[in-house]
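Participant: here you go, sequence then predicted model.
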Amino acid sequence: PISLQEKDVLFGRGFATMIYPGNKLLRSMVEGQKQNFLISKRAQKREIAKKIVDDIQNSGGRFLIEDATSAKTESSSLFDKVWVVVDTEKAIAKVMHRLRERGSSSTG
């Protein structure tokens, strides 16, 4: 099983994922690149998202999603859930989605 680390980015909804340190870091990085992203051409947009993913991964962070088979449990603690690493393409797609959002992002 994967033990959560402070720099991990957790996919999902809710307050617990929103305030998770890795998700806060991701939001900060996205906000720092949003203007650049909006004025960039399509190929450059992907590179901006990829750089954010690379920076998080190079600092020891992972992009994690709750395992579908364990999602049925009603535990509210992030630490009781079973997490799996998402592939890099899915992480880039998630970051691109965050970069396209208007206003502040709410979850990681």
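Facilitator: That came in fine, so what should we check first? Numbers count the residues shown, from 1 in each chain.
Participant: flag every buried residue along the lowest-mean-pLDDT helix or strand in the chain.
Facilitator: Considering only helices and strands, the least confidently modelled element of the chain by mean pLDDT, DSSP states H and E is helix 15-18, at a mean of 89. For helix 15-18, the neighbour count (16 or more other Cβ atoms under 10 Å) marks 16-18 as buried. In short, each C-beta sits where N, CA and C put it, glycine included.
Participant: what's the closest of those to residue 66?
Facilitator: residue 17 (9.4 Å; Cβ to Cβ).
Participant: okay, now the residue nearest to the closest one when sequence neighbours are not counted: neighbour count?
Facilitator: Distances taken as Cβ to Cβ, 6 or more residues apart in numbering place residue 10 nearest to residue 17, at 4.6 Å, with adjacent residues excluded. Neighbour count for residue 10, taken as other Cβ atoms under 10 Å: 24.
Participant: pLDDT on stretch 64-73, on average?
Facilitator: Averaging pLDDT along stretch 64-73 yields 77.
Participant: one more: stretch 31-48?
Facilitator: Mean predicted lDDT for stretch 31-48 stands at 96.
Participant: gap between the two ends of it?
Facilitator: Stretch 31-48 has its terminal residues 12 Å apart, counting by Cα to Cα, to the nearest Å.
Participant: off-centre distance for that stretch?
Facilitator: 17 Å (Cα atoms, centre = their mean, to the nearest Å).
Participant: got the buried residues for the helix or strand where residue 24 lies?
Facilitator: Using DSSP states H and E, residue 24 falls within helix 21-39. Of the residues in helix 21-39, those buried by neighbour count under the rule 16+ other Cβ under 10 Å are 21-23, 25-27, 29-30, 33-34, 37.
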